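Trainee: Sequence and predicted structure are below.
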Amino acid sequence: MSNYKSFCLAIAVGLVLSGCGKESAQQPVASAHASGVLLDTGGSRKGDFGAPQGEPINAVLTNPPNVPPPTARNYPAKVIVELEVKELDLEISEGVKYTFWTFGGTVPGSFIRVRQGDTVEFHLKNHPSSKMPHNIDLHGVTGPGGGAASSFTAPGHQSQFTFKALNQGLYVYHCATAPVGMHVANGMYGLILVEPPEGLSKVDHEFYVMQGDFYTVGKYREKGYQAFDMQKAIDEHPTYVLFNGSESALTGPRALKTKTNESVRMFVGNGGPNLVSSFHVIGEIFDKVQYEGGTRYQENVQTTLIPAGGAATVEFHTEVPGTYVMVDHSIFRAFNKGALAMLEVSGDKRADIYSGKEQDEVYIGDKLESLASVATAQEARAKGTLTKAQQIEAGAALYKGTCSVCHQDNGAGLPNVFPPLAKSDFLTENPARAIEIVLNGLNGPVKVNGATYNSVMPPMSQLNDDEIANILTFVNNSWGNSGPAIDAAQVKTTRAGTKRAEGAAH
Amino acid sequence: MKTLIVAAALSLAWASGFAANLRAEGTQRPAMMRVAAGEFESVLPVAPGKNRVRVASFEMDAVPVTNAQFAAFVAANPKWRRDRVSRLMADPQYLAHWQTPTTPVAAERNQPVIRVSWYAARAYCESREARLPTWYEWEWAAAANESKADARNDPRWTQQILAWYSQPAGALPDVGSRPANIHGVRDLHGVVWEWVEDYNGLMVAGDNRQQAEADDTRFCGPGALTMEQKEQYATLMRIAMLSSLKAEFTTATMGFRCVR
Ligand SMILES: [Cu+2]
């Protein structure tokens, strides 16, 4: 009984707290029941604000990571949404093509923003070049199938249905054509935001990020065209776990950008089809997280769970400049399947908040810095301004954790087991050969500085061209070595010329 | 047994002169192959819980109907020209890829005709004193590979179909580009979708998750089309495609062939 009571009290406090930010948790609560009634916003029962008013409005749709502007309306309107389905070959990872089925030409699909009580006239168009029929199930729709049956559309045709957005919140939409799993796995999902009638608070930036898992016949980063793998999808063994449909969607030059002292709101969805996301931004704490269509928020959240077919709105404030890495904290997905995105915050250093020498920093700081130098090098190469020094810096970061486990931090290797890279005559003799060694591995007897090693180095073909070029530039110019810089183009040529070895990453 | 031998002999005889025959112009009577009778587990139940289907022997076009063949039909039946056809019988995209209302693009003459409505496909087959296949006939003929009448448990059979699904529609090949199956029939997979006579009764709900309605026998389709066997995915997607259509619809990947 006493347990039950404190449970009720906890709920009551929670409701008061989040129902209105100004009220204090200390405020006495008469009864959980009464306050529950008071603070219930009424859901769909109170979401009908009557017939649409004014002229019909054409919804602004945006491609990720952009979010349409607030509706800035105080009345219910008729909103017309025109969404086009296209089947497209896009890059899922560097040099890897995949056929995506898209809502609006992007993965995730176009972001839709309406106001609670709006009447939405939805037009789904299936491009004539499509091979498949498609439809849409919006989780923000009240009605059987969420619109799926009414929007079932053959290639080269379009269909129309209308719904009233009764519940406020952030909702996933997706294709529900058989086989649903395959349509979702090919990228057919996106987000629709149903704003509360009073709108959302003003922030400096709004971003649209959505996670999804992908299943290809080839292995992670295996180059060329990759087909969908049904068996891996059924087994729930994704090849890629990605934000916004591509490994490079939100990294390097395409990283999200803000300044310090800004408020950021991210609409984060998870399309699945299979995995649940443990969404985390390394080095940030979410000041607020609002789950799904929740009218209350949780504060000070480190990692928030986003179910497949679910979404959360996260908000934080930027204080310290630097690169913040967003991950699915089921961490192998981040570093071995691509679930990694970046937010670059520019501004003056804030040593009072983050000195760079705190205890925690061994893990967080390290990872951050390493990824920052890698990102800088990647960006510089894209611009054509990459210097040897930048390559060495990025290479140093990548060497750690990739090669150092065997060849050691100081490049000295281990006697009889791992040959040295520091002052290695074998390396100096032919620096280009090292590219092949990293791509294909090495086994059999090899003589380095007079000592013979006969062991196995696994291939590291999962590293991309930039990464290999930077690592080898670092190796060629560290620990007393002085050799050439290696260009990513050289790695690309070598990769193209060698048959693929089984990568170490698999 | 006899039909089997005949079919085998036919397909052998066919193999040699095949390519030449295919390039022949539309006016020539298209070659049909005998598909032996068979009994098989369809993905589409006849009645709830009953998937065993018996298909009687029939003759089927060896390849899909080509643009050239369809042009010959349109020439003889001008009411099927794209500029004269009733909008109730064909949507505005009907034969939109042809150079003129009566002539296909030269390079596409021997490609499967696409952008044809179900009504038009039916009329064409009737003009040849033939008809569209039923779903079960089509499914049975298409269950075969080069060596088996029912190859649906062969992962390669499925993979080949899924591979086609997972690529966007590109340029079509000439008909006959795929190897003949055991019946001597080609291109059932990997080239175009094909109309069937009873496409309208396939009844996969637009939302195939509505399985609760499976008690309605008309909806036995979706009820049974659960994903227990992933082999059935490939076929299921064809049914999904067919059930998204109306009889006047045309699409850039939808062709047909006749049976008798
Ligand atoms: Cu779809």
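Mentor: On my side now, so go ahead. All values derive from a computational prediction rather than experimental measurement.

Trainee: Run through who's touching stretch B:121-139.
Mentor: In this structure, residues lying in contact with stretch B:121-139 by Cβ atoms under 8 Å, 6 or more residues apart in numbering or on different chains are B:29-30, B:32, B:35, B:40, B:42-44, B:53, B:55, B:58, B:60, B:65, B:70, B:73, B:76-77, B:80, B:116, B:118, B:141, B:188, B:194-199, B:201-202, B:235, B:239, B:242, B:256-260. Using the backbone N, CA and C atoms, a C-beta is placed for each residue, glycine as well.

Trainee: after the helix or strand of chain B with the lowest mean pLDDT comes which helix or strand?
Mentor: Ranked by mean pLDDT, DSSP states H and E, the helix or strand of chain B with the weakest confidence is helix B:220-224, at a mean of 32. Once helix B:220-224 ends, the next helix or strand along the chain (criterion: DSSP states H and E) is helix B:232-243.

Trainee: Report all helices and strands that the helix or strand just after that following helix contacts.
Mentor: Helices and strands here follow DSSP H and E; after helix B:232-243, the next one along the chain is strand B:254-255. Using 3 or more Cβ pairs under 8 Å, 6 or more residues apart in numbering or on different chains; DSSP states H and E as the contact criterion, the neighbours of strand B:254-255 among helices and strands are strand B:193-194.

Trainee: I am assuming A:K288 contacts A:Y297, so please confirm or correct that.
Mentor: Yes - distance between A:K288 and A:Y297: 4.4 Å, which falls inside the contact criterion (Cβ atoms under 8 Å).

Trainee: For the stretch 1-150 of chain B, give the residue positioned nearest to the ion.
Mentor: Scanning the stretch 1-150 of chain B for the residue nearest the ion gives B:V43, at 19.5 Å (criterion: Cβ to the ion).

Trainee: Which of the contacts of stretch B:121-139 fall within strands?
Mentor: Secondary structure defined by DSSP state E assigns B:M32, B:V35, B:F40, B:V53, B:V55, B:F58, B:M60, B:E194 of these to strands.

Trainee: For the fourth one, which residues are in contact?
Mentor: Counting by Cβ under 8 Å, 6+ apart, B:V53 touches B:E39, B:F40, B:E41, B:S42, B:V46, B:Y136, B:W140.

Trainee: can you redo these as TSV with distance to A:L242, pLDDT and neighbour count?
Mentor: As requested, the contacts of B:V53 are exported to TSV (distance: Cβ to Cβ, whole Å; pLDDT from 0 to 100; neighbours: other Cβ atoms under 10 Å in any protein chain shown):
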residue	distance to A:L242	pLDDT	neighbour count
B:E39	46	94	10
B:F40	40	92	17
B:E41	38	88	14
B:S42	38	87	19
B:V46	43	75	15
B:Y136	41	93	18
B:W140	41	96	26
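
Trainee: Setting the sequence-adjacent residues aside, check what's closest to the spatially most central residue of chain B.
Mentor: By Cα atoms, centre = their mean, chain B has its centre lying nearest to B:E194, at 3.1 Å. Distance criterion Cβ to Cβ, 6 or more residues apart in numbering or on different chains; nearest residue to B:E194, sequence neighbours excluded, is B:F256 at 5.0 Å.

Trainee: Next: A:D213.
Mentor: Beyond its immediate neighbours in the sequence, the residue positioned closest to A:D213 (Cβ to Cβ, 6+ apart) is A:P238, lying 3.8 Å away.

Trainee: how close does that neighbour get to A:G54?
Mentor: Counting by Cβ to Cβ, to the nearest Å, the gap from A:P238 to A:G54 is 45 Å.

Trainee: okay, those two: which has more neighbours?
Mentor: Using other Cβ atoms under 10 Å in any protein chain shown, the more surrounded residue of A:P238 and A:G54 is A:P238, with 25 against 10.

Trainee: quick one: contacts for the nearest residue to A:E94 once chain neighbours are set aside?
Mentor: The shortest distance from A:E94 to any residue that is not its chain neighbour, by Cβ to Cβ, 6+ apart, is 5.0 Å, and that residue is A:N464. By Cβ under 8 Å, 6+ apart, A:N464 lies in contact with A:E94, A:G95, A:R221.
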